[in-house]
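Undergrad: fold the following and give me the result.
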Amino acid sequence: MSTNPTRVFVARLLGLDVFDPLGDRLGRLRDVVVLSRGTRGAPHVVGIVVEVPGKKRVFVPMTRITSIDQTQVICTGLVNLRRFEQRGAETLVVAEMFDRRVTLRDGSGDATIEDIAMDQHRSGDWFVSKLFVRRGHSLAPLSRLRRNETMIIDWADAHQGAKTEPQAATQFVANHEDLKPADFAEALQEMSDKRRFEVASELQDERLADVLQELPEDDQVEILSALDVQRAADVLEEMDPDDAADLLGELPSAQAEELLQLMEPEGAEDVRRLLEYDEDTAGGLMTPVPVILPPEATVAEALAHVRREELSPALASSIFIARPPLETPTGRFLGVVHIQQLLRFPPFEPLGNLVDKNLEPLSDQAHISEVARTLATYNLNSLPVVNQAGRLVGAVTVDDVLDHLLPDDWRANDGEAPIRRLGGRIG
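TA: Down below sits the predicted model:
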């Protein structure tokens, strides 16, 4: 790396591709790790956090970085692919320093950090040098600086508050708005409890619901319990009913009932029905809101329904045909139309002519071993679930089964934990 002083702003590095010297892509830069030096000077930049394939975040030391600019980062040598874990006095710039309030040493007031610059010294080491801040209120009556004015100051020109002080999360959320919920959840897991709650509070209800569904159950419970009770109910309403039921099942019964009372009646009713099932049954795994249409509906109508952005690929793979009412529990269940069939017939073709009558629905009391066996036997993404009266009550998807089979902490480990054994043989 060049020995000439180099300055880069962290916010401009976020999302950049990280390559090895041969041009092979290692992953994407997600954060920068600095080490506090206390009163001895500005923090030392010790490395970067890179999201590698598989959505795992790993640490790359700055000593392995050979080039860094506004378009890419190049590293050399072997990279330890062990999941990144924060240690000691290490601080994540994006997760923990952006949005932190500082006090300007000239006595002119407070400011909020929106970006941080780091410089490479002649020794080759990198240090935090500048802060890009947005002014808060001014304490100096004659100050020429105005509220919301931005400026770049030296690191030494601001007093850093304690990490325990309240901190906004506006910048962090804005810088990560492009992340998929699972990736955002991964970032949350690397944070302290305090910072995790602050970021969660900043998210819109729908976004928080999507992220919660990707977190381990313990983290879901902690975050939901830290929210105002009405907001917690609002977030539950935005979650898929099966995920909301799983989360409520982890809460004390009195707390779960209070949240259900605050939810909209229709959504609460779906969740209550799911809570009645044992977790190892099709009813305990299913979602009560698959795509359901009458036999008179056309191919064009079905395609319009499965195009909905909020629909998962697994649920979009099948349309369930039933007599009214079309809300679960439906009228008499007639069968399934697979998405491939929709693509082979004209738009005006009635769905009743395309029903796969050979696919038997599962009982809502069927054990998960039977669910997994049926999905594997017929290479399906989803299966219909009916009650004793033959009414459709929901659908089980392959991702529901995988979530159940994987260990509870599968999102947080590196794959060493064994897959959970089923209560019966598959195959």
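
Undergrad: nearest residue to residue 93 in space, ignoring adjacent ones along the chain?
TA: residue 32 (4.3 Å; CB to CB, 6 or more residues apart in numbering). Backbone N, C-alpha and C define where each C-beta goes, glycine included.

Undergrad: show me what contacts the one you found?
TA: By CB atoms under 8 Å, 6 or more residues apart in numbering, the residues touching residue 32 are 10, 13, 45, 47, 48, 49, 92, 93, 94, 116, 118.

Undergrad: also residue 188?
TA: Per CB under 8 Å, 6+ apart, neighbours of residue 188: 196, 199, 200, 211, 215, 219.

Undergrad: surely residue 100 meets residue 159?
TA: No: the pair residue 100 and residue 159 fails to qualify as a contact (CB atoms under 8 Å) at a distance of 11.3 Å.

Undergrad: out of the two, which sits in the more crowded spot?
TA: Each of residue 100 and residue 159 has its neighbours counted (other CB atoms under 10 Å); residue 100 has more, 23 against 10.

Undergrad: so what's the more buried one up against?
TA: With CB under 8 Å, 6+ apart, residue 100 has these contacts: 112, 113, 160, 161, 165, 167.

Undergrad: now a ChimeraX select for only the buried ones of these.
TA: Here is the ChimeraX command that selects the buried residues among the contacts of residue 100 (16 or more other CB atoms under 10 Å):
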select :112,113,160,167
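
Undergrad: save the contacts of residue 100 as TSV, and put in pLDDT too.
TA: Shown next, in TSV, are the contacts of residue 100 (pLDDT from 0 to 100):
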residue	pLDDT
112	92
113	94
160	83
161	78
165	85
167	88
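
Undergrad: of the contacts of residue 100, which belong to helices?
TA: Per DSSP state H, helices hold no members of the contacts of residue 100.

Undergrad: any chance of the contacts of residue 100 in CSV, with distance to residue 252 too?
TA: Shown next, in CSV, are the contacts of residue 100 (distance: CB to CB, whole Å):
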residue, distance to residue 252
112, 38
113, 39
160, 39
161, 35
165, 31
167, 30
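
Undergrad: tell me the one of the contacts of residue 100 nearest residue 21?
TA: residue 113 (33.6 Å; CB to CB).

Undergrad: surely the closest one touches residue 133?
TA: Yes: at 5.6 Å, residue 113 and residue 133 qualify as touching, with contact defined as CB under 8 Å.

Undergrad: what residues are up against residue 287?
TA: So residue 287 contacts 240, 241, 242, 315, 394, 395, 396, 397, 400 (CB under 8 Å, 6+ apart).

Undergrad: check the third one and give its pLDDT.
TA: In the prediction, the pLDDT value recorded for residue 242 is 92.

Undergrad: then the last one?
TA: The per-residue pLDDT reported for residue 400 equals 88.

Undergrad: what number of residues lie near it?
TA: 27.

Undergrad: for the fourth one, same thing?
TA: Residue neighbour count, defined by other CB under 10 Å, stands at 22 for residue 315.

Undergrad: can you tell me how far it is from residue 366?
TA: For residue 315, the distance to residue 366 (CB to CB, to the nearest Å) stands at 19 Å.
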